[in-house]
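J.: With the input below, show me the fold.
(one chain, ligands or ions: 1)
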Amino acid sequence: MFVSERIRAIKPSPTLALNAKAVSMRKAGVDVISFGVGEPDFDTPAHIRKEAVRAIEEGFTRYTAVGGIPELKNAVIEKFRRDNNLNYESEEVMVSCGGKHVLYNLAQATLNPGDEVIIPAPYWVSYPPIAVLADAKPVIVQTRQSEDFKLSPEAFEEAVTPRTKLLILNSPSNPTGSVYSRSELEGLAEVVLRHDICVVSDEIYEKLIFDGKAFSSIAQVSDEVKAKTFVVNGLSKTYAMTGWRIGYAAGAREVIAGMTKIQSQSTSNPNSIAQRAAIAALNGPQDSVQAMVDAFDERRRYLIERLNAVSGVRCNMPGGAFYAFADFARYFKETPEGVRIGGSADLCEYLLTGARVALVPGIAFGQDDFMRFSCATGLETIKEGLDRIEEALGKLG
Ligand SMILES: *Cc1c(COP(=O)(O)O)cnc(C)c1O
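T.: The predicted structure is shown next:
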């Protein structure tokens, strides 16, 4: 069978093989504990589910406007005004089938062959392939744990070339949980304005933020910066709605129109029923969000304390999202059976087979010394998982 060059250009996710292995171990009856989950372990709140049922019963089951029904676009506009003090018009927002789909449409609508997209590492796994699928070139800029994995204006500017089109920022970050402050964003914005670059600001974890910190978007820095920013957000994480597939974008109307055109020829509108549920989520009571943040906060504190108590492991306290990104390079050595652990993927394999614990290797996010832990699992499970990891690491000496 023949496949396209495009498909050849994309590497399979290094996490997939491990995931498949964890799944088959579970099927075989092994009780695998998973820190790999990338979605909240909570149910979609009841009032959102009810609105979806109502939509079905009312027969709201046909094609809708491609970029989302006006009521949902209004709810999105109102959300930006209320939460971020950002004003957008209807032609400046659109709704897609999840935040990932927004990013895909955005890349297709803005990038030409050979254009460069600056992506700070560690990065969300889908950013580089989304750029590659638009025939663009991902330019990875490494950040340091000692700088809380944040891109500095200097490192950003050094990576800029005449071909640079986009910078992708993700705050709070998956996988590190780092949150950019207003002044840090101002520093990056200066570089953006000095060059002809736009920013993609992935704000999907906006609401999952700890210690009462306020969220800042780079679009808030000034009107000039807002004009060069595409905000990407969605319902998946905030409202535990990963399966519903609703995400949204805000930015320059020419690009939003382009993204809508691409969507019209690929997926058409996002699911009609999920759109109605999304209106209920954005306009309805927000107390479920706080309850989820409180649960993640408790797990985060426990997880980070335990991780830093493991000899040689270092983990920063995440300011948001529900992940921890910990340095495990000290355990890249030989197993008692004489198998060499050469990096994060090998260590994952060792912990999966040796400790029945599933993690995502840092290499999937562009930093091989690290392992990503998700807190989207109960506190008791986190405890048991860490006990198993400690025991298995102990055997490595
Ligand atoms: C989960 C996630 C998304 C998008 O998720 P959707 O379900 O497609 O809305 C986007 N960016 C990051 C960093 C994520 O972790």
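
J.: Would you mind listing what in the stretch 201-350 of the chain touches the ligand?
T.: Residues of the stretch 201-350 of the chain lying close to the ligand by Cβ under 6 Å from any ligand atom are 202, 204, 234, 236-237, 242, 247. Using the backbone N, CA and C atoms, a C-beta is placed for each residue, glycine as well.

J.: of the residues you listed, buried ones?
T.: By neighbour count, with 16 or more other Cβ atoms under 10 Å, these hold 202, 204, 234, 236-237, 247 as buried.

J.: following the lowest-mean-pLDDT helix or strand in the chain, which helix or strand comes up?
T.: Sorting the helices and strands of the chain by mean pLDDT, DSSP states H and E puts helix 14-27 at the bottom, at a mean of 80. As assigned by DSSP states H and E, the chain's next helix or strand after helix 14-27 is strand 33-34.

J.: which outside residues touch that next one?
T.: Strand 33-34 is contacted from outside by 22, 356-358, 374, 377, 381, 384-385, 388, using Cβ atoms under 8 Å, 6 or more residues apart in numbering.

J.: before we move on, back to that, show me the two of the residues of the stretch 201-350 of the chain next to the ligand that sit farthest apart.
T.: The largest separation in these, counting by Cβ to Cβ, is between Asp202 and Thr242 at 15.4 Å.

J.: Tell me which stretches of the stretch 251-397 of the chain form helices.
T.: Applying DSSP state H, counting those that start in this stretch to the stretch 251-397 of the chain gives helices spanning 253-264, 272-283, 287-309, 344-355, 379-394.

J.: Can I get the fourth one in CSV, CA atoms only?
T.: The C-alpha coordinates for helix 344-355 follow below in CSV (Å, rounded to 0.1, in the frame of the first residue of the first chain):
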residue,chain,number,x,y,z
SER,A,344,13.4,8.3,29.6
ALA,A,345,11.8,5.8,27.3
ASP,A,346,13.9,2.9,28.7
LEU,A,347,13.2,4.0,32.3
CYS,A,348,9.5,4.0,31.4
GLU,A,349,9.8,0.5,30.1
TYR,A,350,11.6,-0.6,33.2
LEU,A,351,9.0,1.0,35.6
LEU,A,352,6.1,-0.5,33.6
THR,A,353,7.4,-4.1,33.5
GLY,A,354,9.3,-3.9,36.9
ALA,A,355,6.9,-1.8,39.0
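
J.: Need the contact partners of it.
T.: 14, 18, 21-22, 25, 32, 328, 331-332, 335, 339-341, 357-363, 368-371, 388-389, 391-392, 395.

J.: Give me the neighbour count for the spatially closest residue to Ala392 that is not a sequence neighbour.
T.: Leaving out its chain neighbours, the residue that sits closest to Ala392 by Cβ to Cβ, 6 or more residues apart in numbering is Ala355, at 3.7 Å. The number of residues packed near Ala355 is 20, by other Cβ atoms under 10 Å.

J.: Same question for Pro12.
T.: For Pro12, using other Cβ under 10 Å, the count is 7.

J.: That one and Asn308, how far apart?
T.: 33 Å (Cβ to Cβ, to the nearest Å).

J.: Can you check the pLDDT for the residue lying closest to Ala107 once chain neighbours are set aside?
T.: Nearest residue to Ala107, sequence neighbours excluded (Cβ to Cβ, 6+ apart): Ala134, at 4.1 Å. Turning to Ala134, the model gives it a pLDDT of 96.

J.: Likewise for Asp196?
T.: Asp196 is assigned a predicted lDDT (pLDDT) of 89.

J.: which residues sit in contact with the residue of the stretch 251-397 of the chain found nearest the ligand?
T.: Proximity of the stretch 251-397 of the chain to the ligand (Cβ to the nearest ligand atom) peaks at Ala321, 7.4 Å away. Contact analysis of Ala321 by Cβ under 8 Å, 6+ apart lists 172-174, 177, 205, 208, 237.

J.: So which residues on the stretch 51-200 of the chain come close to the ligand?
T.: 98-100, 124, 170, 174.

J.: Out of the residues you listed, which two sit at the greatest distance?
T.: The span of these, defined through Cβ to Cβ, is set by Gly98 and Asn170 at 15.2 Å.

J.: shouldn't Leu193 be in contact with Glu224?
T.: Yes - assessed by Cβ atoms under 8 Å, Leu193 is found in contact with Glu224 at 6.2 Å.

J.: who has more neighbours, these two?
T.: Leu193 (14 against 11).

J.: Look up phi and psi at Ile119.
T.: Torsion angles at Ile119 (phi, psi; degrees, to the nearest 10) stand at phi -130, psi 110.

J.: for the helix or strand harbouring Glu186, packing partners?
T.: Counting by DSSP H and E, the element that carries Glu186 is helix 182-194. Packing partners of helix 182-194 (3 or more Cβ pairs under 8 Å, 6 or more residues apart in numbering; DSSP states H and E): helix 153-159, strand 164-170, strand 198-202, helix 223-227.
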